[in-house]
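1. Coordinates for the following, if possible.
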Amino acid sequence: MSNRVCFVKVAVLSMSLITAAGAGCGSGEAGPGASSPPATGGSSPGGGASGWVGPAAGGAGASPTPFTTGRWSSVSVGLSHACGVKTNGTIACWGKNDYGQATPPAGTFASVSAGMEHTCGVQTDGTVACWGNYGFGQAPLAGTFLSVSAGASFTCGVKTDSTIACWGDFTLVGMPPVGTFLSVSVGWYHACGETTDGIIACWNPYGSVKAPEGTFASVSAGMDYNTCGVKTDGTIACWGDNSSGQSTPPAGTFTSVSAGGGSCGVKTDGTVACWGKVGYVGPPRGITFASVSSCSDGSCGVKTDGTIACWGSYGPLISPLPVGTFSSVSVGSGFACAVRPDGTVACWGDNGYGCATPPAGTFISVSAGGIGPFACGVKTDGTIACWGDNDNGQCTPPAM
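-> Next up, the predicted model:
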């Protein structure tokens, strides 16, 4: 498969923050770990000789970390690992573990965010715990927090006084602005936050991600220095790198936006508009959509009649498409998956790693967004299932 890259951090900032942390095109648990986070100030390789954490079953591929049972309340996907918060507040992680990023500490947590080679979580007492690669000072700050977001080599969080604190490699993200915030989302090279008065503020040391004036309903941060958001009047504003026209959205009013190799948004009349990547094939004309998902190779949308339409530069993603009606769709690296109204999942496109062969069962949601070819979904019984490339155990979530 060609080296297709999807955008890393997609965030929706409104009254609450929804992030697909780590390397993905689209959107995102048990005291499994027996060890504490690595000591502050240095890298902390972990995970045994295999360098990854997988299921607790014995035999080949057995996990070096024991997992307990339970149901999941949330999950966050990083570059090559993932972590989730179970309903009992404990955390379990799986996937690549060469720096201990998949070996969480004991304790109970309200949320977790998986970055590139480190992970951070807000504990139930409001303090932040981080584990993994501390080579850039990703160790958490003192104080209590409402939320935390981990990026490449730095992390930001909203403190209980609503100010933002960041730590790690400031050559990438820079110092956060002053003021009070509702939420924060960290990308690979910049960060964005929603202020308490509805303004979007973004920052990095180069000043190339300064958000325009106005209030926003949502924002989507791309991999590099480009961000797009839907303003409260329905128009779209983009800022940052515009080398491929990715910061020049069309006129009109929109309900949502998704940043990818070519950004796309759903307009208020249900049609889809795309812009950006040179040579990008636009959406079909005269068709209305309920939702859309974008990646570097193309985009897919759920039409208002429930059927799927795809467009872009990668043939296997565009045709053949699955038959029937769907409630949601997620586009990944050369493939896509969609959830039907009955909860079953259909996938199509590049199947070199089994990405287009989802497991049986019924699902609430699925995410195919990743820099590597794999997908994960939350099943209706609360368990998580993953499929595709499993070189680092990223497709082997903890057993229930």
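
2. Tell me how far Ala237 lies from Ala211.
-> 8 Å (CB to CB, to the nearest Å). C-beta here means a position set from N, CA and C on the backbone, and glycine is covered the same way.

3. joint contacts of the two?
-> The contact sets of Ala237 and Ala211 overlap at Gly229 (CB atoms under 8 Å, 6 or more residues apart in numbering).

4. Any idea what Asn226 is bridged to?
-> Beta-bridge partners recorded for Asn226 (DSSP bridges): Gly240.

5. quick one: the helices in the protein?
-> 170-173, 315-318 (DSSP state H).

6. and the last one, what does it pack onto?
-> Where contact means 3 or more CB pairs under 8 Å, 6 or more residues apart in numbering; DSSP states H and E, helix 315-318 is packed against strand 298-303, strand 308-312, strand 335-339, strand 345-349.

7. Quick check: mean pLDDT of it?
-> Helix 315-318 carries an average pLDDT of 81.

8. Restricting to C-alpha, output it in PDB.
-> What follows is helix 315-318, C-alpha atoms only, in PDB (Å, rounded to 0.1, in the frame of the first residue of the first chain):
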ATOM      1  CA  GLY A 315      -9.800   4.200  -6.800                       C
ATOM      2  CA  PRO A 316     -10.500   1.300  -4.300                       C
ATOM      3  CA  LEU A 317     -12.000   3.900  -1.800                       C
ATOM      4  CA  ILE A 318     -14.400   5.200  -4.400                       C
END
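
9. From start to finish, how long is stretch 123-140 in a straight line?
-> 12 Å (CA to CA, to the nearest Å).

10. tell me the mean pLDDT over that stretch?
-> The model assigns stretch 123-140 a mean pLDDT of 84.

11. same thing with stretch 157-177?
-> pLDDT averaged over stretch 157-177 gives 84.

12. Is Ala273 in contact with Pro250, as I believe?
-> Yes. With contact defined as CB atoms under 8 Å, Ala273 and Pro250 form a contacting pair (4.9 Å).

13. Now render the helices of the chain as JSON lines, adding mean neighbour count.
-> Formatted as JSON lines, these follow (neighbours: other CB atoms under 10 Å):
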{"stretch": "helix 170-173", "mean neighbour count": "18"}
{"stretch": "helix 315-318", "mean neighbour count": "18"}
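
14. Any chance of these in TSV with distance to Pro358 as columns?
-> Shown next, in TSV, are the helices of the chain (distance: least, CB to CB, whole Å):
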stretch	distance to Pro358
helix 170-173	35
helix 315-318	16
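
15. Please identify which of those helices is closest to Phe335.
-> helix 315-318 (6.7 Å; CB to CB).

16. returning to what we had before: between Ala273 and Pro250, who's got more neighbours?
-> Between Ala273 and Pro250, counted using other CB atoms under 10 Å, the more crowded position is Ala273 (19 against 12).

17. Can you name the residues that contact the more buried one?
-> Ala273 touches 249-250, 252, 254, 264-265, 267, 282-283, counting by CB under 8 Å, 6+ apart.

18. of all these, which comes closest to Cys295?
-> Comparing every one of the contacts of Ala273 with Cys295 (CB to CB), the shortest separation belongs to Cys264, at 10.1 Å.

19. Just confirm Pro249 contacts Cys274, I think it does.
-> No. If you go by CB under 8 Å, Pro249 and Cys274 don't touch, sitting 9.5 Å apart.
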